[in-house]
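Asker: the sequence and its predicted three-dimensional model are supplied below.
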Amino acid sequence: MIMRTKFLFTVIWACIALSVSAQKDVAAYKQRAQDIQTEVWSKPSKEFAVKDIPAAMDSESAVIIATSFEVVNSAKMKMKWSAMGAVQRVYYQTTFHERVKINDKAALEEYASLEYQKKLDRTVSAGLIKIYNKTESYVGAKIIKPGGNEITVNTDEEVLTENKSKSKAGKLAISDLQVGDILDYYIRIEKLQELTAEIQGPYTFFMGGEYPVLYQYLRLQLDANAGVEYINANGAPALKELRDDDNNIILGLELKNLPKIQSSIWTSSYRQYPYIALQYMFVSKAVDAKSHFNRGEVKHGFLSDDLLDQFEKILESSTLPVNYTPYNRTATYFGGEKHLKDQPQDTVVKTLYNAWRLGTFCDFSTRDISITNNDNYVQANSLIGAISLSRMLRTIGIDHELVLLCPRTSNKLKDVMNLDDFEAMIRIKSRKEYWLAFNDIVTQFNEIPARYQGEEGLVFRPDVDSKKVEYEQTGKVKIPVTPADENTETEEMHVVFNPSGMQQLQIDRLTTLSGSLRHYAQKELLMMEDMEADLATAINQKKLIERLAEDKKQQKLVTEFAAAFTKEKTNLKSYFEEEIKEQYDQQAKEVTAYEIKNGGLFFSDFIYHTSFTMENFVKKAGNNYILEAGKLVGLTKKVDEKDRTRAIDVYMPFARTYNYNINITVPAGYKVKGLESFNKNIVNETGSLISAATEDNGTLHITIQQKYFKNFEPAANWAKLLQLMDGFYDVSVQKLLFEKSN
């Protein structure tokens, strides 16, 4: 009894101690939050005190009066009572501060709340040793009313969207904010890290933004022993560099009256808008020789040369870990490793590539087994994929090139900051040229992802005959661009009015997708079980369930994976329903049939069939009916007025063709008027739109073809692209009158 009492007393005392500690933490956080608020708001610069904006900007959705990003980084030695002696303690303090005038409801909605990571504690304890790695964030917001009255938002009203002991995320509603107000808010992030230092960034600062900016300010005060790397791209100015009395690195930039960035469709921000990208790290003496950051130095400009040297060392490393499972499966396919060199090269490479796809995208975890549609969207690391396949091709003796590049949606080759900024493909010249892309599960052999097309790549060529792994950088290559006829969507539709109610349409639709237009729909609609089985069959492997059943150690997993696959199949109809909703911007009243005709994983199109009933296409007008026939092409948006003038070039996703063959059965006793409204013939150097409607034996035939010839157009051709887009929008809103015959 006495022992039990002592135990209960110990537990109660521990709980009290934890409670007191938690209360102290809360009190300390609140005091620090108050100190930061005083620091930020008590003596604002004149730019953060502005209350009036130029009258010419009243029509803007919002105006950034002032925005700043400030960093303070320092490092100190901290004595700890342990065998470790002194350890390095690095402090990081980052403050983002913005003052914005809200002019309309769209901006009001955007600034209606603040979301932030409030706490992240990755501190590690081992016995009596504790190595700190803690990050805490503090927010503040106040509203300045048109009359000058200021309302400070109560941060105690935040909602914790994540509330774990070591990780908390918050959301603060700015509930009193109204159109015409000024919002002044900040987010302060404070981090303490011991023993090791992590790379901070890269931070990207665009010169301007979605709204005009009256004042933009950057300042970084970094420890004298920090290493800094940054680039200024697309005409952005360089940072001013100074040293203070303690030899700390000071980097800064001050800009005024920046126009808003033209947020038009089909842009590539990192290719077209001026920006600065920066990263830094505290560099100890021990790390200095190993890191690409130089202790106490600011490296500015072309960082890619250093990175290319790093990449070549990785390529040639004798200790590089490579998973040779695709190679082993390929060897098995051809009856053993000794037979590989006897086969046609393109046949071997196709098999090896499919084996890589199977191993990369269908290697499922055996813990907490779950198969969902999210698995379809896994993206491969192209660098790892290309390097691994290059080693396997080298083993077989197949000559090839590893091509390093940057996607057209990201930074230019000369503006890379890290190895992760690069992506890679393999080019093989056999009887013809082949490309291997390490992208997603539905990317086919010799298919080039749209984001690579037209880009310049750096070529690394291995010596496949040398025992030593060696690569030579041999120059550059331009990645081919696929023509419009290889990226197609074809919709074959048969439409009838519902006999029981003519305001409903019954639509039977066959969709065929090729090239880059396949990917989204395939990942949306295909079952992972079917893709795994198809990829396995392509290399003469049994599908997963059968392989598991043959392995005594894994037989118990058969039931779990079978159950996971079966559960995912129950969602198939909902995926088709969602696809129809996305296509027509409304849900089908009923989906009566859905089927994959061809999965399109190997040298073929993706084809699927749907039958469904739709409302809101037909309106009754007395004894007559008006059919919004143009809506059958799917959701189409008119180009906004703000996007009709353009000064920057056009980064189209890819060259492409859309075909619509729509057949509508005319109900008995009705005649149709308005067919001529579908007749269009627009052809210019950017593309074409050809549309026509005819009637034959009680069936209407509407044929529409829209083509975009290229994946890039100069700004000078924007007006010609508008011709095509406006023409297609005009087709999409056309109506037909079904007039009751007398």
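Answerer: That came through fine.
Asker: stretch 196-203 spans what distance, first to last residue?
Answerer: Its start and end residues considered, stretch 196-203 measures 20 Å (Cα to Cα, to the nearest Å).
Asker: what sits up against it?
Answerer: Surrounding stretch 196-203, the residues in contact under the criterion Cβ atoms under 8 Å, 6 or more residues apart in numbering are 69, 71, 73, 75, 88, 90, 92, 277-284, 287, 293, 417-418. Bear in mind the C-beta positions are built from the backbone N, C-alpha and C, glycine included.
Asker: any idea how many residues pack against Glu157?
Answerer: Per other Cβ atoms under 10 Å, the neighbour tally for Glu157 reads 9.
Asker: which residues does the nearest residue to Ser317 once chain neighbours are set aside contact?
Answerer: Setting aside the residues directly before and after it, Ser317 is nearest to Val469 in space (Cβ to Cβ, 6 or more residues apart in numbering), at 7.7 Å. Counting by Cβ under 8 Å, 6+ apart, Val469 makes contact with Leu315, Glu316, Ser317, Ser318, Arg391, Arg394, Pro462.
Asker: from Gln345, how far off is Val469?
Answerer: Separation of Val469 from Gln345 (Cβ to Cβ, to the nearest Å): 20 Å.
Asker: show me what the nearest residue to Asn623 once chain neighbours are set aside is bridged to.
Answerer: Of all residues not flanking Asn623 in the chain, Lys740 sits nearest, at 4.1 Å (Cβ to Cβ, 6+ apart). Assessed by DSSP bridges, Lys740 has beta-bridge partners Tyr670.
Asker: can you give me the distance of Lys740 to Lys671?
Answerer: Lys740 sits 8 Å away from Lys671, going by Cβ to Cβ.
Asker: can you check Glu546 too?
Answerer: According to Cβ to Cβ, Glu546 stands 60 Å off from Lys671.
Asker: could you do Glu685 as well?
Answerer: Look at Glu685 and Lys671: by Cβ to Cβ, they are 41 Å apart.
Asker: so Gly359 sits in a strand?
Answerer: No - under DSSP: H, G, I helix; E, B strand; the rest coil, Gly359 falls outside any strand and is assigned helix.
Asker: from Arg329, how far off is it?
Answerer: Gly359 sits 8 Å away from Arg329 when distances are taken as Cβ to Cβ.
Asker: cool, Ser317 as well?
Answerer: Look at Ser317 and Arg329: by Cβ to Cβ, they are 24 Å apart.
Asker: likewise Leu307?
Answerer: Relative to Arg329, Leu307 is positioned 33 Å away (Cβ to Cβ).
Asker: do the same with Gly227
Answerer: Gly227 sits 44 Å away from Arg329, taking Cβ to Cβ as the criterion.
Asker: neighbour-wise, which of these two wins?
Answerer: Per other Cβ under 10 Å, whichever of Gly227 and Arg329 has more neighbours is Gly227, with 25 against 20.
Asker: and for the more buried one, nearest residue in space, chain neighbours not counted?
Answerer: Phe293 (2.9 Å).
Asker: and the one you found, how many neighbours?
Answerer: Summarising burial for Phe293: neighbours were counted as other Cβ under 10 Å, giving 21.
Asker: next: Asp530.
Answerer: So Asp530, with other Cβ under 10 Å, has 15 neighbours.
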